[in-house]
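Undergrad: kindly generate the corresponding structure for this input.
(chains A, B and C)
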Amino acid sequence: MSPSPLDRAFYERDVREVAPALLHKLLVRGDRVGRIVEVEAYAGADDPASHAYRGPSPRTATMFGPPGHLYVYFTYGMHWCANAVCGPDGHASAVLLRAVAPEAGLERMRVARLAGPKAPRVLTDRDLCRGPARLCQAFGIERSFDGADLVTGDRGLVIADDGAPAPERVATSTRIGLTAGADRPWRWFVAGDPHVSGPGAVSPRQPPRRRRAG
DNA sequence: ACCGGGATGTTCT
DNA sequence: GAACATCCCGGTG
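TA: Model (predicted):
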């Protein structure tokens, strides 16, 4: 049976509660499936790092709408990034999807990641979706997905719960790539998972830590 | 492993 | 003009 999409109430809570709860949920588009392993919270008008900090604009309109929709923005002249809108309608908080562990549809992801003039020369499975812009490219998420409803799946994209257990160890840190609001520890990731990007990432060859040699 | 430079275009001062 | 929720490549240890 196919996993069921998270419901509206899941997203309607405080963004700092929703963000860690998204770890180990599934991002699904058609045959492409990835397990969320790294997220960041952006707390709307209370958060100087949020695009919503200075009030609504055409670009951020989706963030100011109801929860459970996808806020997609374009950055660095090249890249798309995707967020799940959280909190009550008008609150404008969102969770940035920073990395997923690819679980299905890897060939289609690879084709998407290798399209375009700036494609990497070598691309491991580990790097298919490790980073917010990489995962968007792997899933084909761009401007037309801004506002997509993740609950109804109106554009063929959902976040779903397949019943997998929550991560055993969740680590936190400050958010990546910011100047304003850089001190707030609103990044959550699955400790020890090699598909995490940035600080805290574990190399795939790193052996699991032992408590004791015996 | 870590660091620096370039690519590239929208948004805001 | 400057900043920007990034990525890729090629240098150096």
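
Undergrad: helix or strand for the residue positioned nearest the centre of chain A, which one?
TA: For chain A, the residue nearest the mean C-alpha position is residue A:97 (1.1 Å; C-alpha atoms, centre = their mean). According to DSSP states H and E, residue A:97 maps onto strand A:93-104.

Undergrad: now for that strand, which elements pack on it?
TA: helix A:15-21, strand A:26-29, strand A:32-42, strand A:79-86, helix A:132-139, strand A:187-190 (3 or more C-beta pairs under 8 Å, 6 or more residues apart in numbering; DSSP states H and E). C-beta: built from backbone N, CA, C; applies to glycine.

Undergrad: redo those as a markdown table? Include distance to DNA strand C, mean neighbour count and mean pLDDT.
TA: A markdown table is the format used below for the helices and strands packed on strand A:93-104 (distance: least, C-beta to the nearest atom of the strand, whole Å; neighbours: other C-beta atoms under 10 Å; pLDDT from 0 to 100):
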| stretch | distance to DNA strand C | mean neighbour count | mean pLDDT |
| --- | --- | --- | --- |
| helix A:15-21 | 10 | 21 | 97 |
| strand A:26-29 | 14 | 24 | 98 |
| strand A:32-42 | 4 | 26 | 97 |
| strand A:79-86 | 5 | 24 | 97 |
| helix A:132-139 | 3 | 23 | 97 |
| strand A:187-190 | 11 | 26 | 96 |
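
Undergrad: quick one: the closest residue to DNA strand B within chain A from residue A:3, how far?
TA: Relative to DNA strand B, the nearest point of chain A is residue A:77 (2.8 Å; C-beta to the nearest atom of the strand). Distance check for residue A:77 against residue A:3: by C-beta to C-beta, to the nearest Å, it reads 36 Å.

Undergrad: likewise for residue A:100?
TA: Taking C-beta to C-beta, one finds residue A:100 at 14 Å from residue A:3.

Undergrad: between those two, who's got more neighbours?
TA: Using other C-beta atoms under 10 Å, the more surrounded residue of residue A:100 and residue A:3 is residue A:100, with 26 against 16.
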